[in-house]
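**Q** I would like the atomic coordinates for the input below:
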Amino acid sequence: MKQKIVTLGGGTGSLMILTGLRKYKEVKVSTIMAMADDGGSTGRMREEFNMPAFGGDFRDALVGLAENESLKDIFTHRFERGKELKGHSVGNIILLGLFEATEGDIPKALDIAHKILRVRGKVYPSTTENIKLVCEYDDGTILDSQHKIDNLPLKNGRRVVDCRLEPQPKAYEEAIKVIKQADKIVLGPGDLYSNVIANILVKGIGEAINKSKAKKIYVVNLMTKFNQTHKMKSLDFVQEVEKYLKGDIDYVIVNNSDLPKKINNHYENEKWFMVQDNIPEDVSYKVIREKIWLEGKEFKRVSSDVVPRSFIRHDPKKIAEIIVGL
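**A** Numbers count the residues shown, from 1 in each chain. Okay, the predicted model is just below:
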């Protein structure tokens, strides 16, 4: 029997973890994507076509599980020129075309994308509804989109005290089904509020995770993010996940190795800092401390991408090895 592993997240975090898990033939991988993305290329598509967040996070997940090596590289290509195309990726344009061709049927569009890329696994939306992420900060300010949460520097590192989805969506039924059947459920890596918690907040998702007999695993972020997790440490991340999950995590994977000074300098210019491990020994979950960042590869940003992205990523091979071995 193959291990059934379900991941919940979004963005480049999902891309890395799925890339690692895809190598294990004894594993059946399913991933559930958050639907709160409204920044960058995906945000432009949502605004122009009045559609759910069927863009970059799905592209990354599909690419992470794709066995069509040549085509997956094309999917991630981002246009640098052209008034209308600049900033869009090829994969996002294809997903938009599939969305329109299937008359807005996201599951059907994903089935076609799976075939195009020869995806080994399955990608699901957490919901098919058009929603937005809303965060309230400790000074009373409320921001009602992921793009604002990520990009407004005026918050000066204020803490998020409440997070919700509007309108409150119902879960996609197939997503609930794979959670119920899972042997392991992996939360993260990905932006804490807009990727991980945005999945948990969908009606039915958190409840299904808590009822599942699967091992619940949380992968802590490598870096803080100024407007979401400024000054947070590893214990803060875990506590926030359990707060919104309203349940317990079984395993926590946390990085215990420093980044090179050059990489840290890049991040400090944007007030992002490495997440410090402060989890005590007397916690109810098992903590796995390893060097989990990908050494020897610094990820470059392209000039047409307005979304702030990481310079360093989780190590796909190492993360997958830990998860499969639990």
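**Q** Can you get me a residue count around Lys318?
**A** As a burial measure, Lys318 scores 18 neighbours (other C-beta atoms under 10 Å). (C-beta placed from N, C-alpha, C; glycine too.)
**Q** Spatially nearest residue to it, not counting backbone neighbours?
**A** Ile292 (5.4 Å; C-beta to C-beta, 6 or more residues apart in numbering).
**Q** Surely that neighbour is in contact with Glu321?
**A** No. Here Ile292 does not reach Glu321: they are 10.1 Å apart, not a contact under C-beta atoms under 8 Å.
**Q** Which of the two has more residues huddled nearby?
**A** Per other C-beta under 10 Å, whichever of Ile292 and Glu321 has more neighbours is Ile292, with 23 against 15.
**Q** mind listing what that one touches?
**A** By C-beta atoms under 8 Å, 6 or more residues apart in numbering, Ile292 lies in contact with 219, 222, 253-255, 257, 314-315, 318-319, 322.
**Q** and the worst-scoring helix or strand of the chain on mean pLDDT, how far from the chain's centre?
**A** Every helix and strand in the chain was compared by mean pLDDT, DSSP states H and E; the lowest is helix 261-268, with a mean of 74. Centroid displacement of helix 261-268 relative to its chain, using C-alpha atoms, centre = their mean, to the nearest Å, is 23 Å.
**Q** Can you list the buried residues in it?
**A** 263-264, 266-267 (16 or more other C-beta atoms under 10 Å).
**Q** For the residues you listed, give me JSON lines that also has distance to Thr229.
**A** Shown next, in JSON lines, are these (distance: C-beta to C-beta, whole Å):
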{"residue": "Ile263", "distance to Thr229": "18"}
{"residue": "Asn264", "distance to Thr229": "17"}
{"residue": "His266", "distance to Thr229": "18"}
{"residue": "Tyr267", "distance to Thr229": "13"}
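**Q** Which of those residues sits closest to Met35?
**A** For the buried residues of helix 261-268, the residue nearest Met35 by C-beta to C-beta is Tyr267; the value is 27.9 Å.
**Q** Do a quick rundown of the strands in the stretch 101-250 of the chain.
**A** 122-125, 132-137, 142-143, 160-166, 184-187, 215-219 (DSSP state E, counting those that start in this stretch).
**Q** got those as a markdown table, with mean neighbour count columns?
**A** Shown next, in a markdown table, are the strands of the stretch 101-250 of the chain (neighbours: other C-beta atoms under 10 Å):
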| stretch | mean neighbour count |
| --- | --- |
| strand 122-125 | 24 |
| strand 132-137 | 21 |
| strand 142-143 | 15 |
| strand 160-166 | 17 |
| strand 184-187 | 25 |
| strand 215-219 | 23 |
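**Q** how about the ones you listed, which one is nearest His230?
**A** strand 160-166 (9.6 Å).
**Q** Send me that closest one as CSV with only the CA atoms.
**A** Taking Å, rounded to 0.1, in the frame of the first residue of the first chain, the C-alpha atoms of strand 160-166 are listed here in CSV:
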residue,chain,number,x,y,z
VAL,A,160,-2.0,39.9,13.1
VAL,A,161,-4.6,39.3,15.8
ASP,A,162,-7.4,37.8,13.7
CYS,A,163,-7.6,36.3,10.3
ARG,A,164,-10.7,35.2,8.3
LEU,A,165,-12.0,34.6,4.8
GLU,A,166,-14.8,36.6,3.2
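**Q** For that strand, which strands pair with it and how are they oriented?
**A** According to DSSP bridges, strand 160-166 forms sheet pairs with strand 132-137 (antiparallel).
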